[in-house]
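1. structure for this input, please:
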Amino acid sequence: MDRPITPIYEFERALDKAALTKEEYELIDYIRYTSVFTQPSLIKDLKRPSKPPLLSVLCQICRKIGSEMPDHFKKVIEWSIEISDHDTKWDAHLICAEALNIDKIPLSPIHGTTLFDVLVVHKELFLGFD
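-> As a prediction, the model looks like this:
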């Protein structure tokens, strides 16, 4: 199954309707602008506490946005489970996914390629050139 491409108009509408807090919106905006990130980079750059973990917060935010675009979010979750090594979903797959190296191995401690999980925003949601 290919990754479900997020319709940008639908995403922007869902983002507006999700009633995010200022801090939640700032996190999404930062991720969409920088494109590549790790949990430590988010903590450092946004000057946030390490608890609760920002990747958990990101999942909560994605559930809020996903509730405003349920058909697409359902497809994303199905894709998330399909690509998982353990048949589990990750709600933040709505906006980002694991970065891969040239050998198509995820950049993550589990795969022995980096100290932290490296994530990248989906191309259609990238705002860095705006």
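
2. hey, let's count contacts and neighbours off CA atoms from now on
-> OK.

3. residues contacting the residue nearest in space to the middle of the chain?
-> In the chain, the residue lying closest to the centroid (C-alpha atoms, centre = their mean) is Cys96, at 3.3 Å. By C-alpha atoms under 8 Å, 6 or more residues apart in numbering, the contact list for Cys96 reads Leu119, Val120, Val121, His122.

4. please report the distance of the closest residue to the second one other than its chain neighbours from Glu10.
-> Read that as Val120. In this structure, Val120 finds its nearest non-sequential neighbour in Val36, 4.4 Å apart by C-alpha to C-alpha, 6 or more residues apart in numbering. As for Val36, its distance to Glu10 is 23 Å (criterion: C-alpha to C-alpha, to the nearest Å).

5. what about these two, which has more around it?
-> Taking other C-alpha atoms under 10 Å, Val36 and Glu10 do not tie; Val36 has more neighbours (18 against 13).

6. contacts only, for that one.
-> Counting by C-alpha under 8 Å, 6+ apart, Val36 touches Val118, Leu119, Val120, Val121.

7. the spatially closest residue to Tyr33 that is not a sequence neighbour: what's it in contact with?
-> Among residues not flanking Tyr33 along the chain, Gly128 sits closest, at 4.4 Å (C-alpha to C-alpha, 6+ apart). By C-alpha under 8 Å, 6+ apart, the contact list for Gly128 reads Arg32, Tyr33, Thr34, Ser35.

8. list the residues that contact the last one.
-> This points to Ser35. Listed by C-alpha under 8 Å, 6+ apart, the contact partners of Ser35 are Val120, Val121, His122, Phe126, Gly128.

9. who does the first one bridge with?
-> Beta-bridge partners recorded for Val120 (DSSP bridges): Val36, Ala97.

10. look up how far Ser35 lies from it.
-> Using C-alpha to C-alpha, Val120 is found at 5 Å from Ser35.

11. and if you look at the last one?
-> Counting by C-alpha to C-alpha, the gap between Gly128 and Ser35 amounts to 7 Å.

12. residue farthest from the centroid of this protein?
-> The centre of the chain is farthest from one residue, Asp103, which by C-alpha atoms, centre = their mean lies 22.0 Å away.
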